[in-house]
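>>> let's see this in three dimensions:
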Amino acid sequence: MSRVGKKPIVIPSGVDIKVEKSLVTVSGTKGSLSQKIHADMKLESKEGEITVISPNNSKYFRSLHGLYRSLIANMVEGVTNSFEKKLEIVGVGYKAEMKNQTLNLQLGYSHAIVFQPPKEIEIKAETPTNISISGIDKELVGQVAAKIRSFRPPEPYKGKGIKYANEQIRRKAGKTAA
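Numbering: from 1, shown residues only. Just a heads-up that it's a prediction; the model follows:
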C-alpha cells in the first residue's frame with residue numbers, strides 16, 4: 001500500500017465531491033475541478049473524509065493509489081484556498097507589466113514578449129520585477145509559471161533572467177585574466 005494513498009483527505013465545509021463512474025468533480029467557493037481516475041480505483045467517503053482504495057497490491061495500482069490521492073487532495077485545496085507561484089525578474093532593463101489581460105515582458109531581446117494566460121489563471125505584475133501567478137488548478141499554475149520562466153531562464157554567471165521567488169541560482173566564476 002502507498003503511504004501517501006492511505007492518508008484520508010479531509011473535506012472542509014463548503015466543498016462538494018461527486019464521483020460518477022471514473023470522473024471525480026470537486027466544487028467549492030473558488031470554482032470546480034474535474035479529474036478522471038482509473039475505473040478500478042474506488043473512493044470511500046465517511047464523516048467529512050474521503051479515502052482512495054486500491055483494488056489490489058500490484059505495483060501499477062500502488063503507484064496510482066498515491067497519485068490519485070494527491071490529485072484529489074490538490075483539487076480540494078485549490079477550490080478552497082487556490083495556489084500561487086511568484087516569479088522574480090533579475091537584470092538591468094528587464095521588466096513585466098500587465099496590459100488588458102496579457103503579460104508584456106521586456107527581457108533583453110529585440111522585441112517584447114506578449115504572453116496570453118489561460119482564462120483560469122490570474123497574473124499580477126505587482127512591481128516591474130515581480131510576477132504573481134494564481135489559480136485553483138495546481139498543475140496549470142505550475143505549468144504557466146514554468147512557461148513564463150522559459151522565456152529567459154536564469155543564467156549562472158550574473159543570475160540574470162526569470163527565477164522562482166524561492167529559487168537559489170548556483171553561480172559560476174567568470175573568466176580570470178592571465
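
>>> the strand ranked longest in the chain: partners in the sheet, and parallel or antiparallel?
As assigned by DSSP state E, the longest strand anywhere in the chain is strand 83-90. Using DSSP bridges, strand 83-90 pairs in its sheet with strand 130-135 (antiparallel), strand 161-164 (antiparallel).

>>> off-centre distance for the longest one?
Same thing as strand 130-135. With C-alpha atoms, centre = their mean, to the nearest Å as the basis, strand 130-135 stands 11 Å off its chain's centre.

>>> ok, back up a step: could you pull out the buried residues of the longest strand of the chain?
83, 85, 87-90 (16 or more other C-beta atoms under 10 Å). For every residue, glycine as well, the C-beta is placed using N, CA and C.

>>> quick one: mean pLDDT for that strand?
What strand 83-90 shows for mean pLDDT is 95.

>>> roughly how far out does the helix or strand just after it sit from the chain middle?
Downstream of strand 83-90, the next assigned helix or strand under DSSP states H and E is strand 95-99. Relative to the centre of its chain, strand 95-99 is centred 21 Å away, using C-alpha atoms, centre = their mean.

>>> the inter-axis angle of strand 95-99 versus strand 130-135?
Taking axes from the mean of the first three to the mean of the last three C-alpha atoms, to 10 degrees, strand 95-99 and strand 130-135 form an angle of 50 degrees between their directions.

>>> elements contacting strand 95-99?
Other helices and strands packing on strand 95-99, by 3 or more C-beta pairs under 8 Å, 6 or more residues apart in numbering; DSSP states H and E, are strand 102-106, strand 122-127.

>>> which one of the ones you listed lies closest to residue 79?
Of all the helices and strands packed on strand 95-99, strand 122-127 sits nearest to residue 79, with 14.9 Å by C-beta to C-beta.

>>> contacts for that closest one?
96-98, 103, 117, 131-135, 144 (C-beta atoms under 8 Å, 6 or more residues apart in numbering).
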